[in-house]
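got a sequence here, can you build the structure:
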Amino acid sequence: MSVAAPFPTQRARDPRRDGSPATHLRVVPSRVTAPALKLTRRGHLVLFLTSCLLLLGAIIVSGGVADAAVAPSRQPATAVVTVNEGDSLWSIARRIAPREDPRGVVMRIRDLNGLSVTGLMPGQRLVVPS
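Reported below is the predicted structural model:
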């Protein structure tokens with residue numbers, strides 16, 4: 001009785017060489033290989049130029065997107081205020097922006113003028129957001 005093997009088989013060499021069938025079979029898997037791809041000099045040049053063009057296009061597109069994503073930094077509109085006797089940053093902030101939270105306005109005044117101390121002098125000129 002013969003059993004069908006899943007792979008093509010070869011008969012093992014019979015050391016007796018008398019023509020009698022071998023007592024065992026060896027399974028040899030078939031090997032299917034794809035032919036190697038070979039590029040000519042012209043093919044290499046075309047492949048190189050195509051990749052360079054794709055890279056250049058990606059750089060141009062990403063640069064355009066980056067420029068569009070970055071909004072131009074606009075300086076806030078400013079005005080100049082002269083400090084009167086008894087004025088504080090809080091009172092100036094409430095006077096120039098009565099509908100806004102004075103804490104934020106005070107911080108912007110301090111940032112615009114580079115103030116680290118809250119003490120103001122009468123006659124001092126301050127740049128304030130308008």
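
what helices or strands is the longest helix anywhere in the chain leaning on?
When the chain is parsed with DSSP state H, its longest helix is helix 41-69. Under the contact definition 3 or more C-beta pairs under 8 Å, 6 or more residues apart in numbering; DSSP states H and E, helix 41-69 sits against no other helix or strand. Every C-beta, even on glycine, is put in place using the N, C-alpha and C of the backbone.

what is the subsequent helix or strand relative to it?
Beyond helix 41-69 on the C-terminal side, the first helix or strand identified by DSSP states H and E is strand 78-82.

which secondary element of the protein has the worst mean pLDDT?
Every helix and strand of the chain was ranked by mean pLDDT, DSSP states H and E. The lowest is strand 9-11, at a mean of 56.

list the buried ones in stretch 55-63?
Judged by neighbour count (16 or more other C-beta atoms under 10 Å), stretch 55-63 contains no buried residues.

let me fix that, I meant to ask about stretch 110-129.
Across stretch 110-129, burial judged by 16+ other C-beta under 10 Å covers Leu120, Leu126, Val127, Val128, Pro129.

which ones among those are found in helices?
Among the buried residues of stretch 110-129, no member falls in helices (DSSP H).

ok, the residues you listed vs Ala79, which is closest?
Nearest to Ala79, judged by C-beta to C-beta, of the buried residues of stretch 110-129 is Val128 at 5.6 Å.

and for Arg42, the neighbour number?
Using other C-beta atoms under 10 Å, Arg42 has 8 other residues around it.

ok, back up a step: for the buried residues of stretch 110-129, give me TSV that also has pLDDT.
As requested, the buried residues of stretch 110-129 are exported to TSV (pLDDT from 0 to 100):
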residue	pLDDT
Leu120	87
Leu126	91
Val127	90
Val128	90
Pro129	87
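
reformat those as JSON lines; add distance to Leu45.
Compiled in JSON lines, these are given as follows (distance: C-beta to C-beta, whole Å):
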{"residue": "Leu120", "distance to Leu45": "72"}
{"residue": "Leu126", "distance to Leu45": "67"}
{"residue": "Val127", "distance to Leu45": "62"}
{"residue": "Val128", "distance to Leu45": "65"}
{"residue": "Pro129", "distance to Leu45": "60"}
